[in-house]
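Engineer: Next input, structure requested:
(chains A, B and C)
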Amino acid sequence: MTTDATDTASRSDAATAQASAGNAPAADAQADRIRRAAELIAARGPSAPVLGRDPVNQAMVNTWTEAMGDANPVYTDASAAESSVHGGLVAPPAMAQVWTMRGLHGTRAEDDPLGAMMLALDEEGFTSVVATNSSQTYHRYLRPGEHVAASNRLESVVGPKQTALGEGWFVTTCTTWTVGEETVAEMTFRVLKFRPTSSRPSVREGARIIEAPEYADGVLRPVTSRDTAFFWAGTQVGELRIQRWGDTLRHPPGPVDPGGDLDAKPDYIVARGTGTVYSYVVHHHPKVPGKRLPFVVALVELDEGVRVLGELIDVDPDEVAIGLSVRAVFLRVDEDLTLPAWEVVR
Amino acid sequence: MSVAKTLSASDVEIGATLPPMTIKASPTFIISTALATRDFQDVHHDRDAAVARGSEDIFLNILTDNGLVQRFVTDWAGPEALVRSIDIKLGVPCYAYDTLTFTGTVTDRVTVDGEQRWVVEVVGTGNLGDHVRGTVHIALPEEAS
Amino acid sequence: MRTARRSESLGSGTARRSEAGLSGKAAIAGIGATEFSKDSGRSELRLSSEAVRAALADAGLEPTDVDGLVTFTMDNNAEIAVARELGIGELRFFSRIGYGGGAAAATVQQAAMAVATGTADVVVAYRAFNERSGHRFGQVSSAAAQQVNTSGIDNSFTYPMGIATPAATVAMLARRYLHDYGATSEDFGRIAVIDRANAATNPNAWFHGKPITLADHQASRWIAEPLRLLDCCQESDGGVALVIVSAERARELPQPPAVVRAAAQGSGPDQYVMTSYYRDELAPLPEMNVVGRGLWRQAELSPSDVDVAVLYDHFTPYVLLQLEELGFCGRGEAKDFIAEGRLELDGSLPLNPHGGQLGEAYIHGMNGIAEGVRQLRGTAANQVAGAETVLVTAGTGVPTSGLVLTLS
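Structural biologist: Residues are numbered from 1 along each chain as shown, chains lettered A, B, ... in the order given. Reported below is the predicted structural model:
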């Protein structure tokens, strides 16, 4: 079915929605929010020192030197260490950070600035992290029994930067390690907090994406082509994308302009997602992979004028009728597949 | 017993190169070093999780890079060389089954707080390219011990 | 809303020279079939070989006389495999037609064109499968969903969403038909009752001796609402073959020829396989309208000339739609048209005297063509007296085909 988009009110909405992907003002607003968050977090200054899980101890040193393959006897051989420049066992300087690692179940302190900054960037879609720089200065060697505490402060947040991993922000923190009042080591640590290029872009605001892993078991996966890939990319981000050729909408999409112009190139609108049931089926038999019987499938006429098929979820089959108002939702089966579906507008 | 010989300041010249060190980054190596540094992030021990996050495989953590750079320098300089700072910058990831080769050069001698320190530039290279570049400051005894 | 149609209907009601050229040139000279069952106990190749042999015997011909074979793209038995089994030797013509049961009448059209042009002399059209004991069409076909071609792309907008069986594809349209024209499930049921009544007195039918009532239909369980179990055809094992030769040659053979008075294929605008859901109106069946116009033009006949209608009945709603598209009644009027007993054996338009695919067997429409031939010969189990003009249609909801067969 194709339909004339000029007859609908959606055209300008759609054009706006489409433009927003590379929309400069939106990106600027996001960068401003991130910088403001960084300023606030940096202004709090250093966090209160937090003691490591255990004091410096021989067991952890032994494990560390074995794993690293470091045979230096000043760390592990008491008599050798005694006759060395250290006059006794010391911990490897490069273990400075190890003593205050949170461990498997540790939580960040509430005033930890790195945690706060990570959260702020997560919320903006920069969900992945990779360490890029570590600059450690050791004021002296540590000895077994000393209990090290760490205090962190946010040094800088720089971005957005385009990197090989994706767009991201460099977050630099400073850590001070103390034993009692004495500063024993310091570190400047930088991570790249990024939005992976391969990962899903952020979901359309207001879209209802329902995690539906139960559908994954045997679900009939769509075959896609260059002509239809945009539709499936859209469902992943909560967008019901309808192909547009000039002023004409077309669904299901195809590679040639309905007007016959081989030079024409399609784009798409993001449908509002609302429409009415044009027809429907209550499927009872036989079993369909990934679906629980009975289920309802509705052919919906969108407000924009084209029909789109999808399961109508969370509905009593007896409640369904032609003309029922529905809106699009999205069933996220797994990383690769999100199915369009409908829910009743109540 | 006495510890092995440590280089003295007079043994070292700017431009000296360090004997290369090779590390086979087996999954066991990557996981045991991650746990020894109390780093329990899944990308350092759970291949499925690492792949799901867009990596080829589990990969070496930065705390281990610190440890390896330190070991590389003290293996050469001797057990009593005093490590004063390690500054590293990471490049390409080091995934499981990679082999890292560390090379190093003495590039400078500086005096900090009245102590003479040697500056060693280090590069650790894997199959994908330079994985880590670093600068290590060490202090050496004035005389051979 | 404005729909941009890319192809307009053909419009013309007059015969086109090229189409009229086929009328009367070929005939079905032999029909053959295996028994119809739920478990044939033998391979599909064996079934097709038996059906072809039976059809040749009926025509008074030998395998060595055959120089052409035609079947469905969905058939699993290659022409060369059938030829090897039967000692057919050289083939000069072989062809396959797509779109499932829509191919049925078109296999005869292909054969007729081949013999009319001298491309081949004796062409056998065949279809055989273990569609109940083997691969069942009524189940979800992941192969249909996962084929990497344009049909797979088409199916990507239905199968993953749960429209994944033939019954479900039809139910979508049937629901809208009920809504648009005020028909009811009982109107669908009347088709099932007629088919089963005819099957009950056809010894070759699977449901021989098992008629149903409208109450039985209404009590049968939902498959895909608004379709009930008794709206859906059987799943069958079996094979059917048809021997097509030139009309002249047919007259020299033992059986009275069933002359191919018209043979047409049809596909509509915005056509899909079973899921043409994006047309301005959902409930019509424009592809059958194309076939109907082609048939009436070629045959220079009209619906009122038809003595027996063998209408493809894999699902009951499509019989109603066909009556409308073929011109027996106006759009939406089928419920009234059938209510007056017209489709019964003694009515003005006897429907599926063999019991159809709901009653006799589901051999993808080929058993319906064989029934059309028997009606002309006067040898059918439920013979319609004086049957001289028979209409046979092929699969609906898909690009399809039809035949008008006459005695001379």
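Engineer: And for residue 34, the neighbour number?
Structural biologist: Here I'm looking at chain A. The criterion is other CB atoms under 10 Å in any protein chain shown. On that basis, residue A:34 has 21 neighbouring residues. Where C-beta positions appear, they are placed from N, C-alpha and C, glycine not excepted.
Engineer: try again with chain C
Structural biologist: So residue C:34, with other CB under 10 Å, has 22 neighbours.
Engineer: Likewise for residue C:89?
Structural biologist: Residue C:89 has 12 neighbouring residues, counting by other CB under 10 Å.
Engineer: Next, work out how far apart it and chain A are.
Structural biologist: Distance, residue C:89 to chain A, by CB to the nearest CB, to the nearest Å: 41 Å.
Engineer: what's the nearest residue to that residue if we skip its chain neighbours?
Structural biologist: residue C:64 (6.0 Å; CB to CB, 6 or more residues apart in numbering or on different chains).
Engineer: Tell me the neighbouring strands of whichever strand or helix holds residue C:403, and mark each as parallel or antiparallel.
Structural biologist: When elements are assigned from DSSP states H and E, residue C:403 belongs to strand C:400-406. Applying DSSP bridges, strand C:400-406 is found paired with strand C:258-266 (antiparallel), strand C:389-393 (antiparallel).
Engineer: now the longest one: mean pLDDT?
Structural biologist: Looking at strand C:258-266 alone, the average pLDDT works out to 98.
Engineer: if we can go back for a sec, helix, strand or coil: sort out the residue nearest to residue C:89 for me.
Structural biologist: With DSSP: H, G, I helix; E, B strand; the rest coil as the basis, residue C:64 sits in helix.
Engineer: And the pLDDT at it?
Structural biologist: If you check residue C:64, the pLDDT there is 97.
Engineer: Spit out the contact partners of it.
Structural biologist: Contacts for residue C:64 (CB atoms under 8 Å, 6 or more residues apart in numbering or on different chains) come out as C:87, C:88, C:89.
Engineer: Just to check, the first one is in contact with residue C:56?
Structural biologist: This points to residue C:87. No: shown here, residue C:87 and residue C:56 do not form a contact pair, counting by CB atoms under 8 Å, at 11.2 Å.
Engineer: ok, these two, which is more surrounded?
Structural biologist: residue C:56 (24 against 10).
Engineer: Quickly find the element holding that one.
Structural biologist: With DSSP H and E as the test, residue C:56 turns up in helix C:44-59.
Engineer: So what are the sheet partners of whichever helix or strand comes after that helix and their directions?
Structural biologist: Using DSSP H and E, the helix or strand that follows helix C:44-59 towards the C-terminus is strand C:68-72. When pairing is defined by DSSP bridges, strand C:68-72 lines up against strand C:93-97 (parallel), strand C:123-130 (parallel).
Engineer: between strand C:68-72 and helix C:44-59, how many degrees?
Structural biologist: Relative orientation of strand C:68-72 versus helix C:44-59 (axes from the mean of the first three to the mean of the last three CA atoms, to 10 degrees): 130 degrees.
Engineer: give me the number of residues near residue C:96?
Structural biologist: 17.
Engineer: returning to what we had before: over the strand holding residue C:403, what's the mean pLDDT, rounded is fine.
Structural biologist: Mean predicted confidence for strand C:400-406 is 98.
Engineer: Which positions in it come out as buried?
Structural biologist: By neighbour count on 16 or more other CB atoms under 10 Å in any protein chain shown, the buried set for strand C:400-406 is C:400, C:401, C:402, C:403, C:404, C:405, C:406.
Engineer: domains of chain A?
Structural biologist: A:2-6+A:201-344, A:24-196 (automatic domain parsing).
Engineer: Rebuild the ones you listed as CSV, extending it with mean pLDDT and distance to residue B:12.
Structural biologist: CSV is the format used below for those (pLDDT from 0 to 100; distance: least, CB to CB, whole Å):
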stretch, mean pLDDT, distance to residue B:12
domain A:2-6+A:201-344, 92, 53
domain A:24-196, 92, 17
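Engineer: Between the ones you listed, which one is closest to chain C.
Structural biologist: Closest to chain C of those is domain A:2-6+A:201-344 (CB to the nearest CB; 3.4 Å).
Engineer: Residue A:152 and residue A:249, how far apart?
Structural biologist: For residue A:152, the distance to residue A:249 equals 53 Å [CB to CB, to the nearest Å].
Engineer: For these two, indicate the residue with more neighbours.
Structural biologist: Counted by other CB under 10 Å, residue A:152 and residue A:249 do not tie: residue A:249 has more neighbours, with 32 against 24.
Engineer: Please, which helix or strand holds the more buried one?
Structural biologist: strand A:248-250.
Engineer: Contacts only, for residue B:83.
Structural biologist: Contacts for residue B:83 (CB under 8 Å, 6+ apart) come out as A:93, A:94, A:138, B:70, B:73, B:74, B:136, B:137, B:138.
Engineer: My understanding was that the fifth one contacts residue B:122; is that so?
Structural biologist: I take that to be residue B:73. Yes: counting by CB under 8 Å, residue B:73 touches residue B:122, with 6.9 Å between them.
Engineer: what residues do the two have in common as contacts?
Structural biologist: With CB under 8 Å, 6+ apart, residue B:73 and residue B:122 have common neighbours B:18, B:104, B:136.
Engineer: hang on, the second one in a helix?
Structural biologist: No: the assignment for residue B:104, made by three-state DSSP, is strand rather than a helix.
Engineer: for the strand holding residue A:249, packing partners?
Structural biologist: Applying 3 or more CB pairs under 8 Å, 6 or more residues apart in numbering or on different chains; DSSP states H and E, we find strand A:248-250 packed against strand A:2-4, strand A:241-245.
Engineer: Next, the buried residues of stretch A:234-247.
Structural biologist: Quick answer for stretch A:234-247 (16+ other CB under 10 Å): A:234-246.
Engineer: Tell me if I am right that residue C:346 is in a helix.
Structural biologist: No: under three-state DSSP, residue C:346 sits outside any helix and is assigned coil.
Engineer: mind checking the backbone torsions on it?
Structural biologist: Taking degrees, to the nearest 10, you get phi -100, psi 10 for the backbone angles of residue C:346.
Engineer: Redo the strands paired with strand C:68-72 as a markdown table? Include mean pLDDT.
Structural biologist: Compiled in a markdown table, those are given as follows (pLDDT from 0 to 100):
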| stretch | mean pLDDT |
| --- | --- |
| strand C:93-97 | 98 |
| strand C:123-130 | 98 |
